[in-house]
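Asks: Quick one: sequence plus predicted model below, questions after.
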Amino acid sequence: MNILQQLAQSTKNRYKGKEVNRPLALLKEQAELCTPLSPAFPFARALRKEGLSVICEIKKASPSKGIISSDFPYLEIAKEYAIGGGDAISVLTEPSLFLGKDRYLSEIAPLVSLPLLRKDFTVCPYQIYEAKLLGASSVLLICALLSDADIESYLQLCEDLGLDALVEAHDKQETERAIALGAKIIGVNNRDLKTFKVDLETSIRLRNLVPPSIIFVSESGIETKQDTRILRSHGIDAVLVGECLMRSFDKAGMIKGFKG
Ligand SMILES: O=P(O)(O)OC[C@@H](O)[C@@H](O)c1c[nH]c2ccccc12
């Protein structure tokens, strides 16, 4: 089993437990009663803005780097991203390898007005209802983990709940699947999750496959303004930056640099 499959399996197990304590029917009812987001679909809107948009990530640890932030002042970081000109915030909630927690998301939501991405390994509809209740305006759907039928039905569920979906691909085949299944936002992960190797060329190579009506996000391994300048010159709409911003003492300056 590769790391992605391991994460998918541990997530499935985690949700079996969760469903016992809070049944899907109840969660569904609560999510459907939530007041609609205003404006609608704020995550996509934030990425569609003129110029390069920056999705700033909050993560304590990762499988490739171990602990990234030991004190992890996530509320302060969220505020810094918002004040510093970030366009959206991605919050890791996966507990086993990223040391995420659902409450990071629900505590950040009322503090900042930026749209939030719930960064987790979505393997069941339960997580999508839950994301909405935690205050997210978008979820992650990883092509490598989901069947076509799953992706289609999860995209429809997101639409019904007023959530955006960032559909993650890593190669040509996954990118073509994401397009065919109706993704409105495609994120190409520059990190190969099987080898952890990062190559920004991955998103540059796949950019041409995606029509301009679909928002194109380049994810992972972005560190310098030279990186974002090159990505921007290839018509990439947004970047997702984690580790580098987490480690930076001047997050506002770094975001500004990325935006050029
Ligand atoms: O820390 P980085 O290299 O800037 O990467 C951020 C983000 O792209 C990465 O965390 C990520 C991309 N896709 C994922 C899927 C699950 C968990 C994490 C990720």
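Replies: Everything's here; your move. Numbering: from 1, shown residues only.

Asks: Point me to the residue of this structure nearest the ligand.
Replies: residue 242 (2.7 Å; Cβ to the nearest ligand atom). From N, CA and C alone the C-beta is placed, and that goes for glycine too.

Asks: How many neighbouring residues does that residue have?
Replies: Residue 242 has 23 neighbouring residues, counting by other Cβ atoms under 10 Å.

Asks: residues touching it, list them.
Replies: Each residue near residue 242 by Cβ atoms under 8 Å, 6 or more residues apart in numbering is listed here: 57, 59, 62, 68, 90, 220.

Asks: Which strands or helices does the longest helix along the chain pack on?
Replies: Using DSSP state H to define each element, the chain has its longest helix at helix 3-21. Packing partners of helix 3-21 (3 or more Cβ pairs under 8 Å, 6 or more residues apart in numbering; DSSP states H and E): helix 125-134.

Asks: The helix it packs on: how far from the chain's middle?
Replies: 14 Å (Cα atoms, centre = their mean, to the nearest Å).

Asks: mind exporting that helix as CSV, just the C-alpha atoms?
Replies: Extracted in CSV, the C-alpha atoms of helix 125-134 (Å, rounded to 0.1, in the frame of the first residue of the first chain):
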residue,chain,number,x,y,z
PRO,A,125,-20.1,11.9,1.7
TYR,A,126,-20.1,12.2,5.5
GLN,A,127,-16.9,14.3,5.3
ILE,A,128,-18.5,16.8,2.8
TYR,A,129,-21.5,17.5,5.1
GLU,A,130,-19.1,17.8,8.0
ALA,A,131,-16.9,20.2,6.1
LYS,A,132,-19.8,22.5,5.6
LEU,A,133,-20.7,22.4,9.3
LEU,A,134,-17.1,23.1,10.3
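
Asks: quick one: it to helix 3-21, angle?
Replies: Inter-element angle recorded for helix 125-134 and helix 3-21: 70 degrees (by axes from the mean of the first three to the mean of the last three Cα atoms, to 10 degrees).

Asks: The stretch 101-250 of the chain: helices as residue ranges?
Replies: Taking DSSP state H, counting those that start in this stretch as the test, the helices found in the stretch 101-250 of the chain are 102-108, 125-134, 148-161, 172-180, 201-207, 225-233, 243-247.
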